[in-house]
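Colleague: Here you go, sequence then predicted model.
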Amino acid sequence: MSEIAKLGFCLPGSLVTRSSRCGSLTCACHSDPGRLHGPYLSWTRKVDGKTVTRNLSPDQVDRYRAWFDNAKRLRQLVGELEELSVSVAAEAEGWNSPH
Ligand SMILES: [Zn+2]
């Protein structure tokens, strides 16, 4: 719990690497799969059930990578805390013993 309190900002969603085709039909990216644009790092997350994607510049990735790492660590710690809570409750209530 003290580790959670020390985490700082946490960005939801995930950081993924993508290559893409542009809007120009005459561009090489449309004829040759090896010449796609990118790779770009993009950040995707769900907002009200819809996937929202933002392409990030290398600068932005540097700026926010720690926030993504924090979110990952937070999910890990919450998982541990939940597991621990379940076993403490089960112990206290005798839910582990067979009846
Ligand atoms: Zn292109």
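Modeller: Yep, it's here. Numbering: from 1, shown residues only.

Colleague: who touches the helix or strand bottoming out on mean pLDDT in the chain?
Modeller: Using mean pLDDT, DSSP states H and E, the weakest-scoring helix or strand in the chain turns out to be strand 14-20, at a mean of 89. By CB atoms under 8 Å, 6 or more residues apart in numbering, the residues outside strand 14-20 that reach it are 29, 36-45, 56, 61, 65, 68. Any C-beta I mention is one placed from the backbone N, CA and C, and that applies to glycine too.

Colleague: just those now: which is nearest Ser85?
Modeller: Using CB to CB, Phe68 comes nearest to Ser85 of the contacts of strand 14-20, at 25.9 Å.

Colleague: Am I right that the closest one is in a helix?
Modeller: Yes - using DSSP: H, G, I helix; E, B strand; the rest coil, the assignment for Phe68 is a helix.

Colleague: Wait, it touches Leu11, no?
Modeller: Yes - the pair Phe68 / Leu11 is scored as a contact, 5.3 Å apart, by CB atoms under 8 Å.

Colleague: what do these two both touch?
Modeller: By CB under 8 Å, 6+ apart, the residues touching both Phe68 and Leu11 are Trp43.

Colleague: Secondary structure element holding Lys72?
Modeller: Assessed by DSSP states H and E, Lys72 sits inside helix 58-93.

Colleague: Okay, angle between that helix and strand 14-20 too, please.
Modeller: Calculated by axes from the mean of the first three to the mean of the last three CA atoms, to 10 degrees, helix 58-93 forms an angle of 140 degrees with strand 14-20.

Colleague: Quickly find the element holding Ser24.
Modeller: Using DSSP H and E, Ser24 falls outside every helix and strand.

Colleague: For it, which non-adjacent residue is closest in space?
Modeller: His30 (7.9 Å; CB to CB, 6 or more residues apart in numbering).

Colleague: residues of the top strand by length along the chain that come out buried?
Modeller: For the chain, the longest strand by residue count, based on DSSP state E, is strand 37-47. Buried residues in strand 37-47, defined by neighbour count with 16 or more other CB atoms under 10 Å: 41-43.
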